[in-house]
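Engineer: Okay, here's the prediction I keep looking at, along with the sequence it came from:
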Amino acid sequence: MKATNCRLKFLLGLLILSFVPSLFGEVVVVVNADSPVTSISRETLKNILSGKEKFWSDGSNIELAVPSGNALEAEVLKEFAGMDATRFKTHWRRLVFSGRAKNPSECKDDASMLELVSDKDNALGFVSAGADTSSVKKIEVTD
């Protein structure tokens, strides 16, 4: 009886989740308003998030900012880096410890992310689709 009840709850949960498109609808990738960048490929974004790509095409450092401690963090890392938060942080600790990179900035919410990206000329960050992005530039992610 308990197993059947648990199965029913599980299946009901899956059914409900299948009708909820996403917690945020989608992730928006943003850069500083003065940035010449208008689009970025998924592959380039993955390379930036993994620390393989550190410079914009003009040679300036990419100031990476990632969501931290919220549901957007998991969504960004899964969608663009193919990692979970633990793996991402472990990966970056190795890069920092070996002297190959500096930690990305971490932002707890959309407001702090938008403030950081608008203040840093070469910043790249992620916000939820409902965020007011008037102080930054949204860029398109291409396949």
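Structural biologist: Good, I have the coordinates. Computed from a predicted model, the values in this text were never measured in an experiment. Numbers count the residues shown, from 1 in each chain.

Engineer: Would you point out the helix or strand in this structure whose mean pLDDT is lowest?
Structural biologist: Across the helices and strands of the chain, the lowest-confidence element by mean pLDDT, DSSP states H and E is helix 2-18, at a mean of 53.

Engineer: Can you list the strands that the next helix-or-strand element following it pairs with?
Structural biologist: Toward the C-terminal end, the helix or strand that comes next after helix 2-18 (DSSP states H and E) is strand 27-32. Strands that pair with strand 27-32, judged by DSSP bridges, come out as strand 123-128 (antiparallel), strand 136-142 (antiparallel).

Engineer: Show the average pLDDT along strand 27-32.
Structural biologist: Averaging pLDDT along strand 27-32 yields 98.

Engineer: again, but for stretch 50-64
Structural biologist: Averaged across stretch 50-64, pLDDT comes to 96.

Engineer: Extract the C-alpha set from it and format it as CSV.
Structural biologist: What follows is stretch 50-64 as a C-alpha-only set of coordinates in CSV (Å, rounded to 0.1, in the frame of the first residue of the first chain):
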residue,chain,number,x,y,z
SER,A,50,35.0,26.6,-17.5
GLY,A,51,37.8,29.1,-17.5
LYS,A,52,39.2,28.1,-20.9
GLU,A,53,38.4,31.4,-22.4
LYS,A,54,39.4,34.5,-20.4
PHE,A,55,39.5,37.3,-23.0
TRP,A,56,37.0,39.1,-25.2
SER,A,57,37.9,39.4,-28.9
ASP,A,58,39.5,42.8,-28.3
GLY,A,59,41.9,41.3,-25.7
SER,A,60,40.3,42.6,-22.6
ASN,A,61,39.7,40.3,-19.6
ILE,A,62,36.3,38.8,-19.2
GLU,A,63,34.9,39.7,-15.8
LEU,A,64,32.7,36.6,-15.2
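
Engineer: Perfect, that will be all.
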